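In: how would this look folded up:
(one chain, ligands or ions: 1)
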Amino acid sequence: MNIILLGPPSVGKGTYAKMMSKIYNIPHISTGDMFREAIKNKTEIGLKAKEYVDKGELVPDDVTIRIAEERLKQDDCKNGFMLDGFPRTIAQAEALDKIVVIDRVLNFTASEEIIIDRISGRRVCKSCGAIYHIRNIIPKVKGVCDKCGGEVYQRDDDKPEAVKERFIVYKKQTEPLIEYYTKKGILRSINAEWPIEQVDNVIADARKALEE
Ligand code: AMP
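Out: A predicted model of the protein is given here:
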């Protein structure tokens, strides 16, 4: 199944995508993770993307569409994939429609208040991308990832100024995708307001929407 996860920044898409990609045995493809990896390795794409990512702005469509297309051509996507953070503009969605057929779009929703709390407390592992939160997903040793021993840090774009910008960008450029996929009849909205301890409720609703 070819699936897109939509939703505002930090609604939990990364967490849900990691869990569901294991359940359905399909790759989790996050353009945000791909950009962060490229920036870390100082590749040509990384150098182009850095200034946008650091400010919470969108990387230009031509660069983003190129890396997404290259990834989707790989063998492990033949039986489906779960896209997290792509597409984020109508132009990206149109480019995607030219290369694959999307079966389902899950639109995760939560109030802005809950999202701001999740963003400001979010910490991630620099090496494996595991997600933590200062209050309710705390690594056993402060600053050290339980899974791989990597450094747990706050992304620059999770800091208040960049968060504000990411919300503006989301509302203006990404929210129109809700209408785009609703018109195609493939979008389902999932309530993601549950606290993290009850993440299984979100996953159960998402599975229902995928298997209906
Ligand atoms: P994320 O981890 O999905 O929140 O993405 C982090 C950052 O990577 C975003 O704020 C953008 O700067 C960039 N990015 C990720 N995906 C895209 C996309 N589809 N289009 C443009 N920029 C993106």
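In: how near is residue 189 to residue 119?
Out: For residue 189, the distance to residue 119 equals 20 Å [CB to CB, to the nearest Å]. In short, each C-beta sits where N, CA and C put it, glycine included.
In: Check residue 75 too.
Out: Note on residue 75: its distance to residue 119, by CB to CB, is 35 Å.
In: Compare residue 189 and residue 119 (neighbour count), which wins?
Out: Under the criterion of other CB atoms under 10 Å, the comparison of residue 189 against residue 119 puts residue 119 first, with 23 against 16.
In: what does the helix or strand hosting that one contact?
Out: According to DSSP states H and E, residue 119 maps onto helix 112-121. With CB atoms under 8 Å, 6 or more residues apart in numbering as the test, helix 112-121 has contacts from 8-12, 110, 133-135, 158, 160, 163, 167, 193.
In: Roughly how far does residue 148 sit from the ligand?
Out: Distance of residue 148 to the ligand, computed by CB to the nearest ligand atom, to the nearest Å: 19 Å.
In: likewise residue 35?
Out: 5 Å.
In: Also residue 75?
Out: 22 Å.
In: repeat for residue 198
Out: From residue 198 to the ligand the distance is 23 Å (CB to the nearest ligand atom).
In: tell me the pLDDT at that residue?
Out: At residue 198, the model reports a pLDDT of 88.
In: tell me the SS of residue 17?
Out: Here residue 17 takes the helix state, with states given by DSSP: H, G, I helix; E, B strand; the rest coil.
In: I meant residue 152, not that one.
Out: Classification of residue 152 by three-state DSSP places it in strand.
In: quick one: it and residue 144 touch, right?
Out: Yes. With contact defined as CB atoms under 8 Å, residue 152 counts as touching residue 144 (6.4 Å).
In: how about the helices in the chain?
Out: 13-24, 31-40, 44-55, 61-72, 90-99, 112-121, 160-169, 176-184, 199-211 (DSSP state H).
In: How about the contacts made by residue 131?
Out: 14, 15, 18, 122, 123, 124, 125, 137.
In: try residue 138
Out: By CB under 8 Å, 6+ apart, the neighbours of residue 138 are residue 132.
In: what residues does this structure put near the ligand?
Out: Residues of the chain lying near the ligand by CB under 6 Å from any ligand atom: 9, 30-32, 35, 52-53, 56-59, 64, 85-88, 92, 157, 166.
In: Just want to know which of residue 152 and residue 144 has more residues nearby.
Out: residue 152 (20 against 13).
In: For that one, list each beta-bridge partner.
Out: residue 125 (DSSP bridges).
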